[in-house]
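>>> with the input below, show me the fold.
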Amino acid sequence: MTLPDKRRVRFFFDKESGLLLRRIVETITPIGIDPEQTDYEDYRDVDGIKVPFMVRTSYLDAFNSSTRKFNEVRNNAQLDDVLFKLPTAK
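Below is the predicted model:
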């Protein structure tokens, strides 16, 4: 698909489960295509919803690539508003 900002996106799904395995976003730059690849792995059931517990994001610049591994995922978890307060200046 093409996004409104002209970036192209491709999705890859598992043939058996239908789960998303990979997303590639291609940004056209003056020096060529700049791809961003996100891989989704280790799907587990969380309250009846399949959620990836491992998400790997890769860029041409290896220094910005990342891997996020989750130990726990909770839907509709109650969070204290204080977690979102900005620190006060001293």
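>>> give me the local confidence score for residue 86.
In this model, residue 86 is scored at 89, pLDDT.
>>> ok, which stretches of this protein are strands?
Secondary structure of the chain by DSSP state E: the strands cover 8-13, 20-29, 32-46, 49-59, 66-69.
>>> tell me the angle the first one makes with strand 20-29.
With axes from the mean of the first three to the mean of the last three C-alpha atoms, to 10 degrees as the criterion, the two stretches strand 8-13 and strand 20-29 enclose an angle of 170 degrees.
>>> cool, the fourth one as well?
With the same axes, to 10 degrees applied, the angle from strand 49-59 to strand 20-29 works out at 30 degrees.
>>> what's the mean pLDDT across strand 49-59?
The average pLDDT within strand 49-59 is 96.
>>> contact partners of that strand?
Residues external to strand 49-59 that are found in contact with it (C-beta atoms under 8 Å, 6 or more residues apart in numbering): 17, 19-20, 34-45, 65-71, 73, 75. Any C-beta I mention is one placed from the backbone N, CA and C, and that applies to glycine too.
>>> can you give me the end-to-end distance of stretch 42-51?
8 Å (C-alpha to C-alpha, to the nearest Å).
>>> ok now that stretch, how far from the chain's centre?
From the chain centre to the centre of stretch 42-51 is a distance of 15 Å (C-alpha atoms, centre = their mean, to the nearest Å).
>>> in that stretch, which residues are buried?
Going by neighbour count (16 or more other C-beta atoms under 10 Å), the buried part of stretch 42-51 is residue 43.
>>> so which of the strands of the chain comes closest to residue 80?
The closest approach between residue 80 and any of the strands of the chain, judged by C-beta to C-beta, belongs to strand 32-46 at 21.4 Å.
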